[in-house]
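> Structure of the sequence below:
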Amino acid sequence: MTKKVTKKIKPEEEVRPLRVLIVDDDPVILTILSAWLEEIGYEIKTAESGSQAVICLNNFKPHLVITDLRMDGMDGMTLLKEIQRHNSVLPVIMLSGSAQISDAVCAAHQGVFEFLTKPVQPDDLFRSVQLALTHVGASEKDVDFAPEIIHQSHLVANLLKQAQRVAKTRSSVCIRGATGTGKELLARAIHRTSPRHDGVFLAINCGALSEQLLESELFGHEKGAFTGAVRKNIGLFQAAHGGTLFLDEVGDMPASLQVKLLRVLQEGTVRPVGAIDSVNVDVRIVSATHQNLEVAVRRGEFREDLYYRLNVIPLYMPSLAERREDIPLLIDHFLNLLAEKEGTEPARFSPEALDYMMSLPWPGNVRQLQNLLEQCAVLSASRLIPLSMVKQALSGSENQFQILKEARQEFDHYYLNRVMRMVEGDIEEAARIAGCDKPEFEQLLADHEVNPINFRRNSYEDTAINDDNGVSLN
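Numbering: from 1, shown residues only. A predicted model of the protein is given here:
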């Protein structure tokens with residue numbers, strides 16, 4: 001244990017160094033290991049017993065724990081269980097001077113990242129520490145602004161700083177990002193810290209409702225305005241007066257409703273379906289989309305004037321593949337939530353399984369990760385989830401394909417809606433784009449229950465929308 005320390009490259013410069021907790025009942029060992037790791041830039045905290053170490057977990061918040069196996073009082077294996085109860089993905093390196101092979105096997109089974117024998121050499125220790133900390137970032141979570149957005153990556157930390165500044169303004173915000181990344185969580189955080197926090201936050205998915213129902217939900221309707229309108233509905237704009245309205249998947253909004261939404265944003269008034277008079281509304285709009293709206297504007301699928309109204313402050317929610325260092329924290333968070341819900345001890349993943357999950361593309365992002373964790377935790381025969389279980393769960397989800405007929409029907413329905421939206425219900429133009437005869441195209445519309453009328457502007461919406469200078473924006 002007295003070998004001269006070889007100078008190593010320091011960890012990347014961080015706002016705060018990575019923190020390592022060293023636990024051993026031998027003060028000499030603590031001094032030597034601390035000196036080695038402090039020299040290469042880590043922040044060190046020492047504890048001479050397992051009970052002291054448990055206290056340090058909350059106060060020091062280590063990124064890594066190095067502990068002796070044999071200690072008086074609470075030994076290393078007992079401490080490991082306490083650590084995993086506190087944070088199931090916090091890496092632990094265990095040391096022992098008199099370990100048997102069975103000890104190493106037991107430690108590996110319990111989820112220890114690596115088992116080293118004393119006297120440990122500096123190079124071996126550095127290698128193990130750097131490997132254990134490969135997946136750990138150093139940014140602190142902004143628990144005041146968005147505690148529900150679990151992160152330690154600089155990418156998300158910078159996004160939250162931007163969002164926190166934006167929250168204080170009255171500007172419209174458009175959040176881009178793939179499905180399942182947490183765009184609504186960010187929108188709620190913006191509302192919660194905005195001057196409108198005493199008002200309501202209401203959300204609607206613009207791509208999940210039919211055109212008529214979406215129009216009614218957003219703008220409201222009078223009793224008897226259409227078949228089925230048995231009572232008056234004030235709509236979300238009026239209901240959110242003084243608060244925030246979150247328009248999720250705004251890129252999927254039908255063209256006719258884009259016009260009406262633009263009018264509301266320009267004039268600050270809303271006219272429910274079937275009503276004569278307009279109503280003043282004061283609502284902040286936060287929108288979100290997985291689409292590239294700039295491309296949609298060029299294709300004529302999304303109004304350019306509405307795009308500029310919504311996209312005053314653009315924010316981007318990164319995919320899970322872009323923030324891989326957040327995966328261990330998310331795993332720990334979701335496993336703890338699941339254990340609390342089921343009243344059980346949290347499950348854990350083997351180091352091999354964790355490494356594998358860090359390498360996956362995660363097309364479904366955080367939502368896909370959460371679903372996978374729940375499946376593995378429920379089906380695993382032990383609390384330590386192996387790599388084979390992760391691969392089995394992923395294989396099952398990848399093999400759940402639609403039959404060819406269903407896939408074709410889904411694509412045709414999507415394609416027909418896109419084309420009809422582009423041409424605003426003009427069947428001849430749509431048939432030309434699709435490369436079909438008009439009768440053939442009309443039959444396709446009928447087969448897939450796509451009504452051209454739903455894509456046409458009515459006489460009210462054909463009226464030119466003027467800006468403050470009287471210039472037509474149509």
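> show me where the stretch 151-300 of the chain has strands.
Assigned by DSSP state E, counting those that start in this stretch, the stretch 151-300 of the chain shows strands spanning 173-176, 201-205, 244-248, 269-270, 279-280, 284-289.
> among those, which is nearest I44?
Among those, strand 173-176 comes nearest to I44, with 39.9 Å by Cβ to Cβ. To be clear about C-beta, it is placed using only N, CA and C from the backbone, and glycine gets the same treatment.
> List the strands paired with the closest one, with their directions.
Sheet pairing here is set by DSSP bridges, and for strand 173-176 it gives strand 284-289 (parallel), strand 313-316 (parallel).
> Just give the number of residues close to D447.
12 (other Cβ atoms under 10 Å).
> same question, A430
Other residues close to A430 by other Cβ under 10 Å number 26.
> Does it touch E440 like I think?
No. Using Cβ atoms under 8 Å, A430 is not in contact with E440; the gap is 11.5 Å.
> Now the element after the helix or strand harbouring A430, going C-ward?
A430 belongs to helix 427-434 when assigned by DSSP states H and E. Per DSSP H and E, the first helix or strand lying C-terminal to helix 427-434 is helix 438-447.
> Would you indicate which residues of that next one are buried?
Within helix 438-447, the residues scored as buried using 16 or more other Cβ atoms under 10 Å are F441, L444, L445.
> Save these as TSV, and put in pLDDT and distance to M389 too.
TSV is the format used below for those (pLDDT from 0 to 100; distance: Cβ to Cβ, whole Å):
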residue	pLDDT	distance to M389
F441	88	49
L444	87	45
L445	86	47
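> Look up the pLDDT of A239 for me, please.
Confidence at A239, expressed as pLDDT, is 92.
> quick one: contacts for the residue nearest to A189 when sequence neighbours are not counted?
In space, and not counting its chain neighbours, A189 is closest to A146: 3.8 Å by Cβ to Cβ, 6 or more residues apart in numbering. Going by Cβ atoms under 8 Å, 6 or more residues apart in numbering, A146 touches L160, A163, L185, L186, A189.
> buried residues in the helix holding A430?
Buried-residue list, helix 427-434, by 16+ other Cβ under 10 Å: I427, A430, A431.
> Tell me the pLDDT of the second one.
At A430 the predicted local confidence, pLDDT, stands at 85.
> Please apply the same query to the first one.
What the model reports as pLDDT for I427 is 89.
> Where does pLDDT dip in the stretch 101-250 of the chain?
Within the stretch 101-250 of the chain, the segments meeting pLDDT under 70 span 101-111, 134-143, 225-230.
> Show me where it has its helices.
For the stretch 101-250 of the chain, helices defined by DSSP state H, counting those that start in this stretch occupy the ranges 101-109, 122-132, 154-167, 183-192, 211-219, 235-239.
> Looking at the ones you listed, which is nearest to L337?
Nearest to L337 among the helices of the stretch 101-250 of the chain is helix 183-192; the distance by Cβ to Cβ comes to 14.3 Å.
> same for the closest one, what does it pack against?
helix 154-167, strand 173-176, strand 201-205, strand 244-248, strand 284-289 (3 or more Cβ pairs under 8 Å, 6 or more residues apart in numbering; DSSP states H and E).
> Done for today, thanks.
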